[in-house]
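[1] Provided below are the primary sequence and the corresponding predicted coordinates.
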2 protein chains.
Amino acid sequence: MARENIAKYIILGLLSIQPLSGYGIKKWVEASISNFWSISYGQIYPTLRKIEVEDLAVKREFKPDKGPKRNQYTITEKGRQEFIKWLQRDEAGEYEILLKIFFGARLSPDENIEKIRKFRERRVQDRARLEKTLEDLHKNLDENEDNLYFLLITSFGIMSYKSQIEWSDEALKLLKDKTNQ
Amino acid sequence: MARENIAKYIILGLLSIQPLSGYGIKKWVEASISNFWSISYGQIYPTLRKIEVEDLAVKREFKPDKGPKRNQYTITEKGRQEFIKWLQRDEAGEYEILLKIFFGARLSPDENIEKIRKFRERRVQDRARLEKTLEDLHKNLDENEDNLYFLLITSFGIMSYKSQIEWSDEALKLLKDKTNQ
DNA sequence: AACAACATGTAATAAGTTACATGATTGG
DNA sequence: CCAATCATGTAACTTATTACATGTTGTT
């Protein structure tokens, strides 16, 4: 998946929450989104430099009471705008939506609701497609050894999509409650 | 995730099922594992060449009754062995196991059972960890706007892991039935 | 004193996408 | 004959990992 420079937006997203150093970014990623995304120092530091050059964040040396000094990056208004533009773009990668929902507080609840609604629709279709595949595999289960394992993987997909549809419903409920408050 | 040359093993795995051309490999991937893995021609053709050079498959020109001629690759014994060795290695990437189960017919049911058992264990732990995070987020929900969205993503993880544990149970049952037949 | 954790960075390499180029064959 | 599909490939580029280098600070 080499295409959209996700690392840049993860960093910008975290900086939109609070000023951080490269080291701090790594810690944040590990503590919060490591279940579905990762980032290495080999990406963080060069990307931070680019972000600085593009005036999306400013670097400032910070000497904390404890520990060695660090380079703290603070997002600029330009950076914030570019990040929000990214959030609003329709995501290409299948699971980019998770990242965007993670940073959902930068958008309105309605924008997040719309994203999840679309995601849910896709999943309903994905699931229906896999249900057909499953049926075919059931019919031809004795045909060869492979089909049992193909069936297992298809069933994994169906169960995943099912749980994602259920999640969407819960998430939508929560966000709608929030809007009506 | 640039590390293990997954493309090579996807190709080898498909060739272990039947002889295929580069084009055919693409079609197979799209029809069977595109839910969780993809591959581009820019990878397929160079990788096929490498596979040929390493004597893991042999190329042969094939003129079908219909359509233009194609380069058909047939896996060698060496290729089959290298593929099985990869299958047996403990997977690094979180979802590599799906790929390996997909090709499960190349191993014994017991080996697949063991893989799934380990996967299930990991998921039980992952889920417990996220449950704690969820609790914390619930407590601090009013602290800031972000926490609602962090909670949503945490809940996505919990539900995913839950469905993966359920899938493991079903898969284990199916495979155990098979062994006892 | 030693070790773990904090902190920043680069170079080599690998993996993967995208865009492009080219041509054969089939069905309408 | 034209479009769609079949079919193979390369080059430029981007993204990402890994291994390495270096030094500070806090804890035992």
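    Here it is on my side, so go on.

[2] residues contacting the spatially closest residue to residue A:35 that is not a sequence neighbour?
    Distances taken as CB to CB, 6 or more residues apart in numbering or on different chains place residue B:157 nearest to residue A:35, at 4.9 Å, with adjacent residues excluded. Glycine gets a C-beta too; all of them are placed from N, C-alpha and C. The contact partners of residue B:157, by CB atoms under 8 Å, 6 or more residues apart in numbering or on different chains, come to A:35, A:36, B:126, B:130.

[3] ok, 10 Å please
    Contacts for residue B:157 (CB atoms under 10 Å, 6 or more residues apart in numbering or on different chains) come out as A:33, A:35, A:36, A:98, A:167, B:126, B:127, B:129, B:130, B:131, B:133, B:134.

[4] residues of the host helix or strand of residue A:155 that come out buried?
    If you go by DSSP states H and E, residue A:155 is part of helix A:146-180. Neighbour counts over helix A:146-180 (16 or more other CB atoms under 10 Å in any protein chain shown) mark A:146-165, A:167-168, A:171, A:174-175 as buried.

[5] so which bits of chain A are right by DNA strand D?
    A:1-7, A:38-43, A:65-69 (CB under 7 Å from any atom of the strand).

[6] select only the buried ones of these in PyMOL?
    The PyMOL selection below is limited to those of these classed as buried (16+ other CB under 10 Å):
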select buried, chain A and resi 6+7+39+43
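
[7] packing partners for the helix or strand containing residue A:130?
    Using DSSP H and E, residue A:130 falls within helix A:109-139. Where contact means 3 or more CB pairs under 10 Å, 6 or more residues apart in numbering or on different chains; DSSP states H and E, helix A:109-139 is packed against helix A:77-88, helix A:96-102, helix A:146-180, helix B:146-180.

[8] if you set the cut-off to 8 Å instead, what comes out?
    Contact partners of helix A:109-139 among helices and strands, from 3 or more CB pairs under 8 Å, 6 or more residues apart in numbering or on different chains; DSSP states H and E: helix A:96-102, helix A:146-180.

[9] and those helices as TSV, adding mean pLDDT?
    Below are the helices and strands packed on helix A:109-139 laid out as TSV (pLDDT from 0 to 100):
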stretch	mean pLDDT
helix A:96-102	96
helix A:146-180	97
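
[10] tell me who's in contact with residue A:105.
    Residue A:105 neighbours (CB under 8 Å, 6+ apart): B:144, B:145, B:146, B:148, B:149.

[11] cutoff 10 Å now
    With CB under 10 Å, 6+ apart, residue A:105 has these contacts: A:16, A:17, A:112, B:144, B:145, B:146, B:147, B:148, B:149, B:150.

[12] the fifth one and residue A:106 touch, don't they?
    Yes - in terms of CB atoms under 10 Å, residue B:145 counts as a neighbour of residue A:106; the distance is 8.8 Å.

[13] which of those two has more neighbours?
    residue A:106 (20 against 13; other CB atoms under 10 Å in any protein chain shown).

[14] and the pLDDT for the more buried one?
    We have a pLDDT of 98 for residue A:106.

[15] one step back: out of the contacts of residue B:157, which are buried?
    Buried, going by 16+ other CB under 10 Å: A:33, A:35, A:98, A:167, B:126, B:127, B:130, B:133, B:134, out of the contacts of residue B:157.

[16] from chain A, which residue is nearest to DNA strand D?
    residue A:42 (2.3 Å; CB to the nearest atom of the strand).

[17] secondary structure element holding that residue?
    With DSSP H and E as the test, residue A:42 turns up in helix A:41-53.

[18] list the buried residues in that helix.
    Neighbour-count burial for helix A:41-53 [16+ other CB under 10 Å]: A:43, A:44, A:47, A:48, A:51, A:52.

[19] give me the angle between the next helix or strand after that helix and helix A:77-88.
    Moving toward the C-terminus from helix A:41-53, the next helix or strand (DSSP H and E) is strand A:57-62. Counting by axes from the mean of the first three to the mean of the last three CA atoms, to 10 degrees, strand A:57-62 lies at 120 degrees to helix A:77-88.

[20] how far out from the middle of the chain is strand A:57-62?
    26 Å (CA atoms, centre = their mean, to the nearest Å).

[21] what of stretch A:59-70?
    30 Å.
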